[in-house]
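[1] I need the structure of the sequence given here:
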Amino acid sequence: MPDLSDAPAAIEALYREVVLEHYRSPRNRAPLERPTAESLVSNPVCGDQVRVEVELDSGRIAAVSARARGCSIAVAAASVMTELVAGLAPEAAIALGEQAARIARGEPAPAEADARLRAFARVAALPSRQRCATLAWEALGECLKPPG
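    Numbers count the residues shown, from 1 in each chain. Here you go, the predicted structure:
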């Protein structure tokens, strides 16, 4: 991976690497056999759709699946999301989604932020694409909402 300094060239290279890799080979797309919750979220502006399924076990995300239809950013973000949240407690996954949204809006990424999340800082310069980067996280949040 490129040097993770916040220099624009490094962010651009990281963005291209992460988005292209996850768009070409999305992870965790297979439907879950027994999801605890699922959510389908759409972006009416561009037509992107993301379906997320989660299986919770012992207070953790035991399995997660995301199937995205749409642009490379939406597909890649869904794939990255599945890799980052597996094994987390729901609260930690929601906090990570909030961090992903802040990064996509252009807020500085914390030093400890995963490089795959930092890659989406590039969409801050593309306001119409910011929701593409957060659609999967929105669907995950719907899945993890406490009942009631």
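
[2] Mind giving me the packing neighbours of the lengthiest helix in the chain?
    In the chain, with assignment by DSSP state H, the single longest helix is helix 8-24. Counting contacts by 3 or more C-beta pairs under 8 Å, 6 or more residues apart in numbering; DSSP states H and E, helix 8-24 packs against helix 72-85, helix 115-118. For the C-beta atoms, the positions are set from N, CA and C on the backbone; glycine is no exception.

[3] Kindly reformat those as JSON lines containing mean neighbour count, mean pLDDT and distance to Arg131.
    Below are the helices and strands packed on helix 8-24 laid out as JSON lines (neighbours: other C-beta atoms under 10 Å; pLDDT from 0 to 100; distance: least, C-beta to C-beta, whole Å):
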{"stretch": "helix 72-85", "mean neighbour count": "25", "mean pLDDT": "98", "distance to Arg131": "9"}
{"stretch": "helix 115-118", "mean neighbour count": "20", "mean pLDDT": "92", "distance to Arg131": "16"}
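
[4] Could you export those to JSON lines, including columns for distance to Ser128?
    Output for the helices and strands packed on helix 8-24, formatted as JSON lines (distance: least, C-beta to C-beta, whole Å):
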{"stretch": "helix 72-85", "distance to Ser128": "11"}
{"stretch": "helix 115-118", "distance to Ser128": "20"}
